[in-house]
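> need a structure here:
(one chain, ligands or ions: 2)
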Amino acid sequence: MTQTPTLLVCTAKDQDDWRRAVSALLPEAIVRTGIDAPPCDYVIVWKPPAELFAAQTRLKAIFSLGAGVDGLLAMPALPADVPLVRMEDGGMAPQMIEYALYVALRRLRRFGDYERSQAQASWSPRPARPRGDLRIGVLGLGVLGGEVARALAQFGFRVSGWSRTPKSIQHVACESGDAGLTRMLAHSEVLLVFLPSTPATQGLIGRDFLRMLPAGACIANLSRGEILDEAALLAALDDGRIDEAHLDVFAHEPLPPAHPLWRHARVRVTPHIAALTDPVIAAEQVVGKIRRLQAGLPITGVVDRRQRY
Ligand code: NAP
Ligand code: GLV
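Numbering: from 1, shown residues only. Ligands and ions are numbered 1, 2, ... in the order given. Coordinates of the predicted model:
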């Protein structure tokens, strides 16, 4: 007979809501909050304090409420031998698709150009463009980037994608490796970033990388700020190589008030809201995985500690 599972919920906000949601779905479990809780089987976290792990000496798994686990992996206190499980979609893919569609449609329909025309009271109609004419590159074809690439291709855009290992997605030209990246970037009039922050991706998008894009391309970083060299982006925006940047994530968050990205005419800033975990979907996902672990079954979403995502 399986033992009563004990769970500890430690989220930066809405902790009691999370505790109630998990308890309702797993009534047989003891669900606690608070960093001084006795040792539990599972912990469900978002931005936990380091002290949390000191008392948790018999964890069977750590569940992240976020898709990105770079913050958790950077914590020296994170137990090295306990499986770390990330959020897979958790209601975020539809939100990422909406953001990506906004960026793509803004480019296709030249809404940025019309904003600038309006600022000069200039009536300047431009020719229409078919959707299939717009070439979009998606960096990262995982749970979120893969869904975005699929949706944009279904909408009629011409989509390429790049991932570490080879992928196959219908109507998406999937690339991997350095040569694949060069090929993809050369045609990406819109570049969307869905890579995790790892030693291999941090600083990846710098001056030389931006130069591989067609002149006047547009970029949207919706994953992690560390992947993009902000100074190189500002230089590329200033010399016109990059036409517009949509940034949801930054090297330092919140973006400091004096940062030039806030005021650059060609930059659109959002405060790390591209996609937010849906509590109902997330609680169901975590509880489903706990049930499988309790039954001795394998689960998906276990972070590869060597790849760091
Ligand atoms: P995921 O499923 O782990 O997908 C990551 C993708 O990046 C995979 O296709 C992976 O390749 C690829 N990749 C990783 N390292 C690479 C490398 N060195 N070279 C080329 N490709 C590489 O992650 P996800 O769930 O889609 O989420 C992506 C990221 O979005 C998260 O890590 C998080 O940082 C960010 N995020 C941001 C927000 C927000 O609101 N702004 C919300 C949620 C998530 P393989 O397929 O070959 O493994
Ligand atoms: C948010 O940034 C996440 O990684 O889920």
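
> phi first, then psi, for the most centrally placed residue in the chain.
A centroid search over the chain (CA atoms, centre = their mean) returns S223, at 3.5 Å, as the residue closest to the centre. Taking degrees, to the nearest 10, you get phi -110, psi -70 for the backbone angles of S223.

> so what's it up against?
Residues counted as contacts of S223 (CB atoms under 8 Å, 6 or more residues apart in numbering) are G68, G140, L144, V193, F194, L195, P196, S197, V249. C-betas here are computed from N, CA, C, even on glycine.

> out of those, who has the most neighbours?
With neighbours taken as other CB atoms under 10 Å, the top of the contacts of S223 is F194, carrying 29 neighbours.

> residues in contact with the residue in the stretch 51-200 of the chain that ligand 1 sits nearest to?
Nearest residue of the stretch 51-200 of the chain to ligand 1: G142, at 1.7 Å (CB to the nearest ligand atom). Under the criterion of CB under 8 Å, 6+ apart, the contact list for G142 reads S163, F194, P196.

> where's the residue nearest to the first one when sequence neighbours are not counted, which helix or strand?
Spatial nearest neighbour of S163, excluding adjacent residues (CB to CB, 6 or more residues apart in numbering): L141 at 4.1 Å. For L141, there is no host helix or strand (DSSP states H and E).

> tell me how far L141 lies from R58.
37 Å (CB to CB, to the nearest Å).

> between the two, who's got more neighbours?
The neighbour comparison of L141 against R58 (other CB under 10 Å) goes to L141, with 28 against 10.

> low pLDDT regions in this protein?
Low-confidence regions of the chain, defined here as pLDDT under 70, cover residues 1-2.

> and it, which residues reach ligand 1?
By the rule CB under 6 Å from any ligand atom, the part of the chain lying against ligand 1 is 67-68, 92, 140-145, 162-165, 194-198, 200-201, 222-224, 248-249, 272, 274-275, 309.

> try it again with 5 Å
67-68, 140-144, 163-165, 194-196, 200, 222-224, 248, 274-275, 309 (CB under 5 Å from any ligand atom).

> hmm, back to that, need the contacts of G142 in JSON lines (columns: secondary structure and distance to S23).
Output for the contacts of G142, formatted as JSON lines (DSSP: H, G, I helix; E, B strand; the rest coil; distance: CB to CB, whole Å):
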{"residue": "S163", "secondary structure": "strand", "distance to S23": "38"}
{"residue": "F194", "secondary structure": "coil", "distance to S23": "33"}
{"residue": "P196", "secondary structure": "coil", "distance to S23": "31"}
